[in-house]
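**Student:** structure for this input, please:
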Amino acid sequence: MSLARRTLMEAAAARFGWRRAYADTADVDGLLTEQTETAYTDTVDHAALATVKNTDVLAVQPGVLDVRGRVLADVLYLEGVLTGARNRGLPPELIERLEDAVDHGHELTVLLADTVRTTALHAAS
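**Tutor:** Below is the predicted model of the structure:
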């Protein structure tokens with residue numbers, strides 16, 4: 001199926017709150033590759049933008065806070081997915097991977113919170 005057709009079908013499904021699942025690992029790998037390529041090509045030059053914007057420690061803080069909020073929201077969503085997987089007796093390997101992702105996500109939120117605290121600490125000194 002062409003990318004344009006798949007994108008159109010996914011957009012229509014999303015409008016109704018549906019998401020498509022893929023049973024073929026080749027399809028999943030293709031989608032993961034596509035996500036990665038899109039993320040790297042659709043972004044601005046973050047290093048150049050950050051160099052211009054982040055003139056002191058407090059300038060860094062709002063962006064890091066925003067990222068932490070998004071990551072935390074996504075981790076809490078994944079916790080729900082994990083609970084559902086456990087309650088439905090889904091394969092142990094899937095549950096282990098979800099546990100790993102949730103644990104890693106929580107670790108990332110802690111690191112980001114520490115980063116925000118560091119900006120405040122250095123601004124006060």
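
**Student:** for the rest of this, base every contact and every neighbour count on C-alpha atoms.
**Tutor:** Noted.

**Student:** which helix in the chain runs the most residues?
**Tutor:** Looking across the chain with DSSP state H, the single longest helix is helix 92-124.

**Student:** can you list contacts of the one helix or strand L32 maps to?
**Tutor:** In the assignment (DSSP states H and E), L32 maps to helix 25-41. Defining contact as Cα atoms under 8 Å, 6 or more residues apart in numbering, one finds that helix 25-41 is touched by Y22.

**Student:** quick one: mean pLDDT over it.
**Tutor:** For helix 25-41, the mean pLDDT works out to 89.

**Student:** CA atoms of that helix as CSV?
**Tutor:** As requested, the backbone C-alpha atoms of helix 25-41 are provided in CSV (Å, rounded to 0.1, in the frame of the first residue of the first chain):
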residue,chain,number,x,y,z
THR,A,25,7.1,-7.2,12.1
ALA,A,26,8.2,-5.9,8.7
ASP,A,27,5.3,-3.4,8.7
VAL,A,28,6.2,-2.4,12.3
ASP,A,29,9.9,-1.9,11.4
GLY,A,30,8.9,0.2,8.4
LEU,A,31,6.7,2.4,10.5
LEU,A,32,9.4,2.8,13.1
THR,A,33,11.9,3.8,10.4
GLU,A,34,9.3,6.2,9.0
GLN,A,35,8.7,7.7,12.4
THR,A,36,12.5,8.2,13.0
GLU,A,37,13.0,9.7,9.5
THR,A,38,10.1,12.1,10.0
ALA,A,39,11.3,13.2,13.4
TYR,A,40,14.8,13.9,12.0
THR,A,41,13.7,15.7,8.8
